[in-house]
Structure formats: structure tokens, C-alpha cells
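> next comes the sequence, and after it the predicted model I'd like to discuss.
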Amino acid sequence: MSISVSALVDDTAQAIQKKISFAPRIGVVLGSGLGAFGDSIENLQKVSYAELPHLPASKVVGHAGNFCFGMVGGVPVACMQGRVHLYEGHSVASVVHGVRTMARLGVSAVLITNAAGGLEPSWSAGDLMLVVDHLNLTHVSPLTGLNEEAMGPRFPDMTHAYDPGLQSALRDVAAKEKIEIREGIYAALLGPSYETPAEVRMLRGLGAHAVGMSTVLETIALRHMGVKVGALSCITNLAAGISGEKLDHAEVEATARRKRDDLLKLLRGWIVAADAA
Ligand code: HPA
């Protein structure tokens, strides 16, 4: 008999509980080039994925492989410094194992960040986008196979995949910090090649505003478990064919690093607001 997903998630959560002395209330996932936030956490306790069962480490530059536990503005948090992607050859279950573990540790909300290509010609590299909905174009789901009722329902509702309360909380934080944010729909593709200009035209036709290679599977797994999700994209480049420039990962990382201070401020405020919600 195969071991249930729920049992594997319990294994990882229990290994973490042996190492940390508090229960995190908010979870955070840090995307490409955004890992620095993890090191700014107070009373930081780092646990490398390698020390934990069932958590593969990402080999992608810019993605460390640690859970960071500690306090942000008085809120106990669990923060994933680096994630694994489908395109690295990991199973869908591995891709979402980290967020499922945070859910099992008891967080009420997870705030996800990512690097994304902008699909709007009037946008610029460095813009920040609040994700209001998504298109799952990875052609897979973390929920296929026998449903485990202990994890969540067979057919989870996705009407409010990105929690409306968390969305308004981020708008308020951005206004207070005087940081301009855009809003839009995030389309996730498998990658790892960037899109062709024809694919970018298709995505625009489908109503997407940004494109990336992460986030949506994590969101589906978290909504399945009843955890609220907020997501914020750093538009690290305009998608292929829009500006005419060639895309490369070094540029993606450099833009995310350039926006680090704004992202840090937004995330701090968002964590505190999410905890109060
Ligand atoms: N496409 C897909 N994923 C990305 C991009 C992009 O242009 N930029 C950063 N992640």
C-alpha cells in the first residue's frame, strides 16, 4: 500500500516541530532572487530542507533550500527560502510538499511571491503585481488521484483562490508605504524555456497579465486544505517578444534583487495584516 500524502506531510511537520518551539501563524514562500527576506526574520531559526524528510532541495540559482522560522512584526512565521519547480523534474507532490507542511503546522494564510514576465506592453521590469486570479496551464494538478478527505474535499472551490481580504490588505499596505502595485492574472506554464512570442500573444488573448513557472500548484494545494492564499509577482522582465530583448535568468534575479526593499516592506506589512484578519 502506498503511504498517504497526509502521512508524509505529518512526517515533515513533526520533524520541524522537534526543532522549533512555537507554532507559525503565517506562511511565506520566497521566489527567485527574493530569498533575502528569510534572513531578515527576528529570532531566526533555519532548517535546511536536507535535514527534513520528503523535501527536495532546488538546484535553481537564487533558490536556497531552507525553512526560516521566527518573528516578523510580532507574528510567528514559517518562510520557505526557495522552492522546487516542476521543470526540475520533481513530482507535483514534491512541488507542493513545503506549503502542505506549513498548512499542517497550522498557518492560516500563505503569502506567495514569484518572479514573472509581464504581458502588458505598458508595464516595466521591476513592477510589482498583486495576483488576483490564475490560469493553471501546467496541465497537472496536485489533487489528481484518490482524494484524501483528511487533506480536503474532492472538488475544492476556486472562486476566491486568492483571498479577497488578503488582496485588500496588500492594497492598504502598498498605499501606506507609497509603493505602486499593479494587479492581474498570473498564468503558470511548465517551463523551463521562456515562452515564444506566439505563446505570449496566446496568453494575452487568454486574459493573463503575467507569466511564470510556479505558484498555481501551491495555491491549489493550499486551497484544498482550506488555507488562505495571497500572491505577489515581481515583474522581472517583459515577456518574450514584447520589448524585443532576449530573456535570461540573471536579469530575472537582478531585477528581483533591485526590488528587494519594496518587497520586504510590502511583505512585512502584509504578514501583520494577514495575521490580524
Ligand atoms: N516567463 C516565465 N517565467 C518567468 C519569466 C518569463 O518571462 N520571467 C520570470 N519568470
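Perfect, thanks for sending it. As the structure is a computational prediction, the values presented were derived from the model and not from experiment. Residues are numbered from 1 along each chain as shown.

> not counting sequence-adjacent ones, nearest residue to the residue in the stretch 1-150 of the chain that the ligand sits nearest to?
Nearest residue of the stretch 1-150 of the chain to the ligand, counting by C-beta to the nearest ligand atom: Gly117, 2.1 Å away. All C-beta atoms are positioned from the backbone trio N, CA, C, and that covers glycine. Closest residue to Gly117 apart from its sequence neighbours, by C-beta to C-beta, 6 or more residues apart in numbering: Ala239 at 3.6 Å.

> surely that neighbour meets His209?
No - counting by C-beta atoms under 8 Å, Ala239 does not reach His209; the two are 10.1 Å apart.

> shared neighbours of those two, which are they?
The contact sets of Ala239 and His209 overlap at 118-119 (C-beta atoms under 8 Å, 6 or more residues apart in numbering).

> these two: which is more packed in?
Neighbours per residue (other C-beta atoms under 10 Å) separate Ala239 from His209, with Ala239 holding more: 29 against 23.

> now for that one: which residues touch it?
Going by C-beta under 8 Å, 6+ apart, Ala239 touches 117-119, 194-195, 200, 203, 211, 247.

> circling back to that earlier point, would you quantify the distance from the residue nearest to Gly117 to the ligand?
Distance check for Ala239 against the ligand: by C-beta to the nearest ligand atom, to the nearest Å, it reads 5 Å.

> Throw the contacts of Ala239 into a markdown table and include secondary structure and pLDDT, thanks.
Shown next, in a markdown table, are those (DSSP: H, G, I helix; E, B strand; the rest coil; pLDDT from 0 to 100):
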| residue | secondary structure | pLDDT |
| --- | --- | --- |
| Gly117 | strand | 95 |
| Gly118 | strand | 97 |
| Leu119 | coil | 97 |
| Tyr194 | coil | 94 |
| Glu195 | coil | 95 |
| Val200 | helix | 96 |
| Leu203 | helix | 98 |
| Val211 | strand | 98 |
| Leu247 | coil | 83 |
